[in-house]
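In: how does the following fold in three dimensions:
(one chain, ligands or ions: 2)
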Amino acid sequence: MKIRMPATVRMVLDSLHAKGYEAYIVGGCVRDSILGKRPNDWDITTNASPAQVKSIFVKTVDTGIEHGTVTVLVGGDAHEVTTYRVDGAYLDGRHPESVTFTASLAEDLKRRDFTINAMAYNDQDGLVDLHGGMEDIQQKMIRAVGDPMERFQEDSLRILRAVRFAAQNNFGIDRDTLAAAIQLAPTLSRISAERICAELTKIITSEHPEYLKVAYQAGMTRIFLPEFDACMETPQNNPHHAYTVGEHTLIAMRASAQDRVLRYALLLHDLGKPAVRTTDEQGVDHFYGHAQVSEQMAGTVMKRLKMDNDTIHSVKMLIRCHDWLLRPDERQIRKMLRVVGQELFPLLIKVQMADSMAKAPDQVQEDLARIIAATRVYEEILAKEQCFTLKDLAINGADLIAMGVPKGPMIGKLLNAALDRVIEDPGQNDREKLLRSAAEDMKDMNADTAHQGASLDKLPD
Ligand code: ATP
Ligand code: MG
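Out: Ligands and ions are numbered 1, 2, ... in the order given. Okay, the predicted model is just below:
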């Protein structure tokens, strides 16, 4: 078999071979090439030491030199070249105590997590597959290299990575590997939030985010996302719903595009439902106020997972608005745009579509038709360049100051009042009209303040 690789990768291999070293592409890129997928990165493994690698290439960066990794820069591309290594004892279930370089490719392949990730390749030797990775690809199977209990005890993150590779490839997990994962799932608690989050993100942004259910069934989410377990265990006896909260969440993610913010919003959008569920006399469940509780819980979860503030802000906003009723009503959509912002609004539409598609089947057609009609109106608002933010108003703070408004909170109040008017009626976004009504508003506000002052005077000491 032959794997086609980018010219720069071939150049790195050729340069190492020319100096008499062994060199192969290895891991994810070999797996993805066999699967017909585009590899994310092309990792290279060699028996040359990091110092030897650095002496061969003009431009290198010491990205992980203590682990034997040197990044080689060629023609604008960066490729990681790692010296064959064996990991020392894992005493903490996370990191090897030491790494030692070895002269043997076989030793290096043995330390890798799954058979499908433990293959190497170069044009001269073809595929080096010492653990049956090719066969497992054909069987669509995730299988640990060697004894799964040992491998998961060395590094607990591998337990979650098993689900990640299953989700990315629509593979099953080998029986012994799964049994070990279930038994050792509690040890995921030793893994840092950042490493957990990186794998969780890859699961939920994969083609099969519903594999998160495997992580739930195996007792993994209980460790790092117990809020999701509560969703899996919360029924929704309600005519709008056909699934438990958790199943609904999985279906909604599957029904949406593979966007990180979108998928996180869907993963977390109903997190508050277990806490707010009430059942009426007819036995129908209600989830009043769940969006607000979900938003707050989502914030807690994302902070715990050490996610960045931009993502947290966007996801929370989408969750806050996920059940606002989108209707083909210009005025109402301008109001929503004012709160959500133009950047996130297209994602809000996608959240609502996916959410609808995961509800009771007889509702779906109607809901989608409504959301699509609303989307058209949203597009018209943009095409007509209607104003829904302060920055698009025909007046600004400087205009108000020039009119004699004192600097301070009054400016913001007047601009927001102007925006209220313009959102009600886009025809009002005219400089003269807005200045005139601002002058009126100012008089009213001054009168109000005077009035408040008067009532304060009347308060007893
Ligand atoms: P991706 O497409 O996400 O980059 P990948 O297979 O390249 O997938 P990486 O996390 O980049 O995954 O790791 C590269 C390779 O290093 C893996 O294919 C595997 O051989 C090895 N590896 C990575 N992490 C571990 C781990 N925790 N334990 C054992 N081997 C690992
Ligand atoms: Mg990789």
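In: and the helix or strand harbouring residue 80, which residues are buried?
Out: According to DSSP states H and E, residue 80 maps onto strand 77-83. By neighbour count with 16 or more other CB atoms under 10 Å, strand 77-83 contains the buried residues 79, 80, 81, 82, 83. Quick note: C-beta positions are derived from backbone N, CA and C, even for glycine.
In: okay, these in CSV with pLDDT and distance to residue 157 next?
Out: Shown next, in CSV, are the buried residues of strand 77-83 (pLDDT from 0 to 100; distance: CB to CB, whole Å):
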residue, pLDDT, distance to residue 157
79, 97, 24
80, 98, 19
81, 98, 23
82, 97, 18
83, 97, 22
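In: return the residues in contact with whatever residue of the stretch 201-350 of the chain ends up closest to ligand 2.
Out: For the stretch 201-350 of the chain, the nearest residue to ligand 2 under the criterion CB to the ion is residue 202, separated by 10.4 Å. Applying CB atoms under 8 Å, 6 or more residues apart in numbering to residue 202 gives the contacts 164, 167, 168.
In: one more: residue 273?
Out: Contacts of residue 273 (CB under 8 Å, 6+ apart): 231, 234, 236, 245, 287, 290, 294.
In: where in this structure is pLDDT low?
Out: Where the chain drops to pLDDT under 70, the residues are 451-461.
In: the residue in the chain that ligand 2 sits nearest to and residue 58: what is the separation?
Out: Here the chain gets closest to ligand 2 at one residue, residue 28, 4.1 Å apart by CB to the ion. Taking CB to CB, to the nearest Å as the measure, residue 28 falls 26 Å from residue 58.
In: who has more neighbours out of the two?
Out: residue 28 (18 against 8; other CB atoms under 10 Å).
In: quick check: which element contains residue 236?
Out: Assigned by DSSP H and E, residue 236 falls outside every helix and strand.
In: might one say that it is in contact with residue 246?
Out: No: in this structure, residue 236 is not within contact of residue 246 by CB atoms under 8 Å, at 10.1 Å.
In: show me where the stretch 201-350 of the chain has strands.
Out: 278-279, 285-286 (DSSP state E, counting those that start in this stretch).
In: given the first one, what are its sheet partners and their directions?
Out: Under the criterion DSSP bridges, strand 278-279 sits next to strand 285-286 (antiparallel) in its sheet.
In: how much space between the residue of the stretch 201-350 of the chain closest to ligand 2 and residue 35?
Out: 15 Å.
In: follow-up on the earlier one: please list which of the contacts of residue 202 are also close to ligand 2.
Out: Residues of the contacts of residue 202 in contact with ligand 2 (CB under 5 Å from the ion): none.
In: now residue 437. Nearest residue, chain neighbours left out?
Out: Nearest residue to residue 437, sequence neighbours excluded (CB to CB, 6 or more residues apart in numbering): residue 421, at 6.4 Å.
In: quick check: buried residues in the one helix or strand that neighbour maps to?
Out: Taking DSSP H and E as the definition, residue 421 sits inside helix 409-424. Buried positions in helix 409-424, judged by neighbour count with 16+ other CB under 10 Å: 410, 411, 414, 415, 417, 418, 419, 421, 422, 423.
In: how about stretch 170-184?
Out: Buried residues in stretch 170-184 (16+ other CB under 10 Å): 171, 172, 173, 174, 177, 178, 180, 181, 184.
In: tell me the domain boundaries of the protein?
Out: By the assignment in automatic domain parsing, the chain contains the domains 1-133, 140-224, 226-386, 393-457.
In: circling back: return the distance of the helix or strand that the helix holding residue 421 is followed by from the chain's centre.
Out: Per DSSP H and E, the first helix or strand lying C-terminal to helix 409-424 is helix 431-457. Remark: helix 431-457 is offset 46 Å from the chain centroid, using CA atoms, centre = their mean, to the nearest Å.
In: do stretch 412-421 as well
Out: 36 Å.
In: point out the other helices and strands that the host helix or strand of residue 364 packs with.
Out: Using DSSP H and E, residue 364 falls within helix 361-383. With contacts taken as 3 or more CB pairs under 8 Å, 6 or more residues apart in numbering; DSSP states H and E, helix 361-383 sits against helix 330-340, helix 345-357.
In: other residues contacting that helix?
Out: Here helix 361-383 has contacts from 240, 242, 326-330, 333-334, 337, 342, 345, 349, 352-353, 356-357, 359, 388, using CB under 8 Å, 6+ apart.
In: same thing but 10 Å
Out: Contact with helix 361-383 is made by 239-242, 255, 325-334, 336-337, 342, 345-346, 348-350, 352-353, 355-360, 386-388, 426, as judged by CB atoms under 10 Å, 6 or more residues apart in numbering.
In: over to stretch 125-136?
Out: In contact with stretch 125-136 (CB under 10 Å, 6+ apart) are residues 1-3, 22, 24, 26, 30-31, 33-34, 105-106, 109-110, 112, 114-122, 137-139, 141-146, 171-172, 174.
In: these in helices, which ones?
Out: Using DSSP state H, 30, 31, 33, 34, 105, 106, 109, 110, 137, 138, 139 are the members of the contacts of stretch 125-136 that sit in helices.
In: dump those residues to a markdown table, plus distance to ligand 2 and neighbour count.
Out: Output for the ones in helices among the contacts of stretch 125-136, formatted as a markdown table (distance: CB to the ion, whole Å; neighbours: other CB atoms under 10 Å):
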| residue | distance to ligand 2 | neighbour count |
| --- | --- | --- |
| 30 | 11 | 27 |
| 31 | 10 | 24 |
| 33 | 13 | 21 |
| 34 | 15 | 19 |
| 105 | 18 | 20 |
| 106 | 21 | 12 |
| 109 | 16 | 24 |
| 110 | 19 | 16 |
| 137 | 17 | 18 |
| 138 | 22 | 10 |
| 139 | 23 | 13 |
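In: and which of those is nearest to residue 310?
Out: residue 31 (31.6 Å; CB to CB).
In: dump the residue contacts of the closest one.
Out: Per CB under 10 Å, 6+ apart, neighbours of residue 31: 37, 39, 114-119, 133-134, 136-137, 165, 168-169.
In: what about the helices in the stretch 101-250 of the chain?
Out: 105-110, 133-139, 148-154, 157-169, 175-184, 193-204, 212-217, 221-224, 226-232, 245-254 (DSSP state H, counting those that start in this stretch).
In: no more questions from me, cheers.
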